[in-house]
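> What follows is a predicted protein model with its sequence.
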Amino acid sequence: MFKEFKEFIMTGNVIDFAIAVILAGAVGLVVNGFVQDIIMPIVGHFMGGMDFANLKYVLSPAVGTEGTEGYVAENAVRWGKWLNTIISLLTVGLVLFFLAKAKIRAMGAAPDPEPTLDQTLLTEIRDALKK
């Protein structure tokens, strides 16, 4: 069983997938930092100094003082953080789109694969039936 697992793990597809996941996580962190630390402050500046991360709709305010007995934390919908997340997602998607386009350009168009034996036989049968 260990041998089968080792063969499975060592296949190119699994290793390529693992590398892609790790790189995607790193790209996600970089883009998330770019959105939160560069893009959103600029957008906030042009929106009158607004910080989107702190935008929220309070459902029930905090009761008491934090750290004391009977304290109830604030319950709020933090839609500003969600907006930042959506902008990060769109930015990551855009970056990955450009990376994929660059890879396709660099690799060139892939040639059409040769037909398999089954496809060749089916084509011959189709042509014979047409006659």
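Arrived safely.
> Going by C-alpha atoms from here, please, whenever you check contacts or count neighbours.
Noted.
> residues touching the spatially most distant residue from the centre of the chain, list them.
In the chain, the greatest distance from the average C-alpha position (Cα atoms, centre = their mean) is reached by residue 131, at 52.4 Å. Applying Cα atoms under 8 Å, 6 or more residues apart in numbering to residue 131 gives no contacts.
> what ranges do the strands span in this structure?
57-60, 75-77 (DSSP state E).
> Out of those, which is the most enclosed?
Per residue and on average, the most neighbours among those fall to strand 75-77, with a mean of 13 (mean count of other Cα atoms under 10 Å).
> the helices in this protein, which residues?
Per DSSP state H, the chain carries helices over the ranges 2-9, 12-34, 40-46, 79-107, 117-130.
> nearest to residue 59, of those helices?
Nearest to residue 59 among these is helix 79-107; the distance by Cα to Cα comes to 12.3 Å.
> Show me what that closest one is packed up against.
helix 12-34 (3 or more Cα pairs under 8 Å, 6 or more residues apart in numbering; DSSP states H and E).
> pLDDT averaged over the helix it packs on, what's the number?
For helix 12-34, mean pLDDT is 81.
> Residue 27: neighbour count?
15 (other Cα atoms under 10 Å).
> which one is it nearest to, not counting chain neighbours?
Residue nearest to residue 27 in three dimensions, not counting chain neighbours: residue 92, with 7.5 Å by Cα to Cα, 6 or more residues apart in numbering.
> residue contacts, the one you found?
Residues in contact with residue 92 (Cα under 8 Å, 6+ apart) are 27-28, 31-32.
> Of these, which pair is most distant in space?
27 and 32 (8.3 Å).
> still on that earlier bit, out of the strands of the chain, nearest to residue 116?
Closest approach to residue 116 among those (Cα to Cα): strand 75-77, 57.0 Å.
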